[in-house]
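Undergrad: just the structure for this:
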Amino acid sequence: MRTYYEFFAGGGMARTGLSENWKCVFANDICSKKSAAYASNWQENDLFTGDVFDVTTAQLPGHADLAWGSFPCQDLSLAGNGHGLQGERSGAFWGYWRLIRALNVEGRKPRLVVLENVCGALTSREGKDFEQIARAITQEGYMVGAMVIDAVHFVPQSRPRLFILGVDAALKLPADLCAEQPSPAWHPDALIRAYHRLPMAIKHHWRWLNLPTPKHRLHTLDDVLEHEPTGVKWHSPQQTQALLAMMTDTNRRKVLEAQRLGAIKAGTVYRRTRDNVQRAEVRFDGVAGCLRTPAGGSSRQTILIVDGPNIRSRLISPREAARLMGLPDHYVLPARYNDAYHLLGDGVVVPVVKHIQKHILSPIISANQSLPIPRLGSRLKFSQ
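TA: The predicted structure follows:
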């Protein structure tokens, strides 16, 4: 059985995606509410609630194949404060990496490390944060690569995220796992530019990872909506009219077009501040906007149902948000709306994790099953 540590675990969404043939032997999150959700869904006693800087290697059993880390994004986000890895929240990466370094010294660094964050990590502090992450990974004797994967390939939610992978340099990579050149599907211009900014010493250890493209998305927005939503109430007609009044002409035309079609049409609405004026922006393409946490001023996503002359609106329900994250309906959500929405908005999309596990993580481990696990720490030195 392949084993892993899950850092910044939240409600265990990475664990949900890795569950097949992978065993979590340690999980950590600083938030007690998220830990409560984790414990409600995973009964094994492998969760430590507390600051990652307080975790010791003595708490990390065995020699894990993988260390997953979906570290906080607030200081790296384009809408954040610009502090990057020097910030109080995103700086938690260094607490995570302190453990990887210590495990390496002990001769039991994970064979694989995965980091997940917002795409702003590519450009924060003019690319210095991405370089620091890549440098840290390669200095511990890993090859490094990265991909931007949009959850829209798997679920009806637009949610691009950056995934950075470290592979123990002692391991061999399956031939079809790497490409000579970046792929437009997984390596957008921002990632290519970030790569070109890296020092040559880091580029030497870089690999362009190759993933198969999903053939089709399994669901649309209509498929995830509840017919009788739980945890939310329909807005009053006055509230719906106020929402429509916040739309620009372009967005009002989208509603009029949906009315013209005659069939019931479901869309999602975000309230955003444009030129210091709050606006409502709607989409009817069968895809929801990116779920975000309410922290930092982000609005909760609103569902808009157009049925001819009848228009109704309400907040997205917790279960609908969970489905947009690829969670099964038996996943136990927090009872309070805000707790559920915060948990889900901070999470990683389950089918994306499954895709990475199936096409990258498991093939690497399978290709190296006959190789002994190195017992001595291996660190590389780089000039600044």
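Undergrad: and the strands in the stretch 1-150 of the chain?
TA: Under the criterion DSSP state E, counting those that start in this stretch, strands of the stretch 1-150 of the chain are mapped to 2-7, 22-29, 47-49, 66-69, 112-117, 142-150.
Undergrad: who touches the longest one?
TA: The one in question is strand 142-150. For strand 142-150, contacts defined as Cβ atoms under 8 Å, 6 or more residues apart in numbering pick out 113, 119, 134, 137-138, 158-169, 173, 178, 186-188, 190-191, 194-195, 202, 205-209, 211, 352, 355-356. Glycine gets a C-beta too; all of them are placed from N, C-alpha and C.
Undergrad: beyond that strand, next helix or strand please.
TA: strand 160-168 (DSSP states H and E).
Undergrad: other SSEs contacting that following strand?
TA: strand 112-117, helix 128-139, strand 142-150, helix 350-356 (3 or more Cβ pairs under 8 Å, 6 or more residues apart in numbering; DSSP states H and E).
Undergrad: buried ones in that strand?
TA: 161-168 (16 or more other Cβ atoms under 10 Å).
Undergrad: in a markdown table, list the residues you listed along with pLDDT and distance to residue 22.
TA: Shown next, in a markdown table, are the buried residues of strand 160-168 (pLDDT from 0 to 100; distance: Cβ to Cβ, whole Å):
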| residue | pLDDT | distance to residue 22 |
| --- | --- | --- |
| 161 | 97 | 20 |
| 162 | 97 | 22 |
| 163 | 98 | 16 |
| 164 | 98 | 19 |
| 165 | 98 | 15 |
| 166 | 98 | 17 |
| 167 | 98 | 16 |
| 168 | 98 | 17 |
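Undergrad: gap between residue 56 and residue 49?
TA: 15 Å (Cβ to Cβ, to the nearest Å).
Undergrad: what do you get for residue 111?
TA: Distance of residue 111 to residue 49, given as Cβ to Cβ: 27 Å.
Undergrad: next: residue 90.
TA: From residue 90 to residue 49 the distance is 20 Å (Cβ to Cβ).
Undergrad: between those two, point out the one with more neighbours.
TA: Neighbours of residue 90 and residue 49, each counted by other Cβ atoms under 10 Å, are more numerous for residue 90; the result is 26 against 17.
Undergrad: right, and the more buried one touches residue 72 too?
TA: Yes: here residue 90 lies in contact with residue 72, judged by Cβ atoms under 8 Å, at a distance of 5.2 Å.
Undergrad: thinking again about what came up before, any chance of the strands of the stretch 1-150 of the chain in JSON lines, with mean pLDDT too?
TA: Output for these, formatted as JSON lines (pLDDT from 0 to 100):
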{"stretch": "strand 2-7", "mean pLDDT": "97"}
{"stretch": "strand 22-29", "mean pLDDT": "96"}
{"stretch": "strand 47-49", "mean pLDDT": "95"}
{"stretch": "strand 66-69", "mean pLDDT": "98"}
{"stretch": "strand 112-117", "mean pLDDT": "97"}
{"stretch": "strand 142-150", "mean pLDDT": "98"}
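Undergrad: so which of those strands is nearest residue 274?
TA: Nearest to residue 274 among the strands of the stretch 1-150 of the chain is strand 142-150; the distance by Cβ to Cβ comes to 23.6 Å.
Undergrad: quick check: buried residues in the closest one?
TA: 142-150.
Undergrad: pull the most distant pair out of these.
TA: 142 and 150 (25.3 Å).
Undergrad: which residues sit in contact with the residue in the chain sticking out farthest from the centre?
TA: Distance from the C-alpha centroid of the chain peaks at residue 309, with 38.3 Å (Cα atoms, centre = their mean). Residues in contact with residue 309 (Cβ under 8 Å, 6+ apart) are residue 259.
Undergrad: and it, what's its pLDDT?
TA: If you check residue 309, the pLDDT there is 92.
Undergrad: distance to residue 303 added to the buried residues of strand 160-168, as JSON lines?
TA: What follows is the buried residues of strand 160-168, written out as JSON lines (distance: Cβ to Cβ, whole Å):
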{"residue": "161", "distance to residue 303": "23"}
{"residue": "162", "distance to residue 303": "28"}
{"residue": "163", "distance to residue 303": "29"}
{"residue": "164", "distance to residue 303": "34"}
{"residue": "165", "distance to residue 303": "36"}
{"residue": "166", "distance to residue 303": "40"}
{"residue": "167", "distance to residue 303": "42"}
{"residue": "168", "distance to residue 303": "45"}
